[in-house]
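Trainee: Please find the sequence and the predicted model below.
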Amino acid sequence: MEQVSDQIRQFIDRGIAEVLRLFNLLWTWSSEQFIKVAQAPWESWPLWKQILFLVLVVAVAYFLFVAAIQLWTAALNVVSAFATFVGAVIVTLPTILIAAAIALAGLWIINNLHDLTSLRFLMTFQTQPPSKAPHVDPP
């Protein structure tokens, strides 16, 4: 079981590492493109190119804003999921404690009940023997 959990953990670690590597690659490429746009000689361009450049900057800013909101939402979801997990762990603790107490009590009974003399002692307090149903012959 431990080997399976280690393999799952390694799979998740590799998956996260690959996603972060891809994110880093895209971030680097995007940063280079932003730098190229910022270094463009827009002052010497005609007015229509400057307006197009302004539309380009607004579009880039809009999509960066959308990406920031998506990342913020994802971060909130991660924090919420972690809080839900911690809450679930806390809620299950009493159930686990009860199961452990039952296991401990059962083991104590098994280890300390060597013979049935204590049960025979309890049976001596019965006032009537167990009744039997009357026997009826079939017709």
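Mentor: Good, I have the coordinates.

Trainee: for this protein, which residue is closest to the average position?
Mentor: residue 85 (5.8 Å; Cα atoms, centre = their mean).

Trainee: how distant is the host helix or strand of it from the center of its chain?
Mentor: Element membership of residue 85, judged by DSSP states H and E, is helix 47-112. Put simply, helix 47-112 sits 8 Å off its chain's centre (Cα atoms, centre = their mean, to the nearest Å).

Trainee: The residue nearest to the centre of the chain and residue 91, how far apart?
Mentor: 11 Å (Cβ to Cβ, to the nearest Å). The way it works is simple: take the backbone N, C-alpha and C, and place the C-beta from them, glycine included.

Trainee: what does residue 49 give?
Mentor: Taking Cβ to Cβ as the measure, residue 49 falls 62 Å from residue 91.

Trainee: more neighbours, the two?
Mentor: Here residue 49 and residue 91 are set side by side on neighbour count (other Cβ atoms under 10 Å), and the busier one is residue 49, at 12 against 9.

Trainee: so the more buried one sits right up against residue 43, yeah?
Mentor: No - with contact defined as Cβ atoms under 8 Å, residue 49 does not count as touching residue 43 (10.7 Å).
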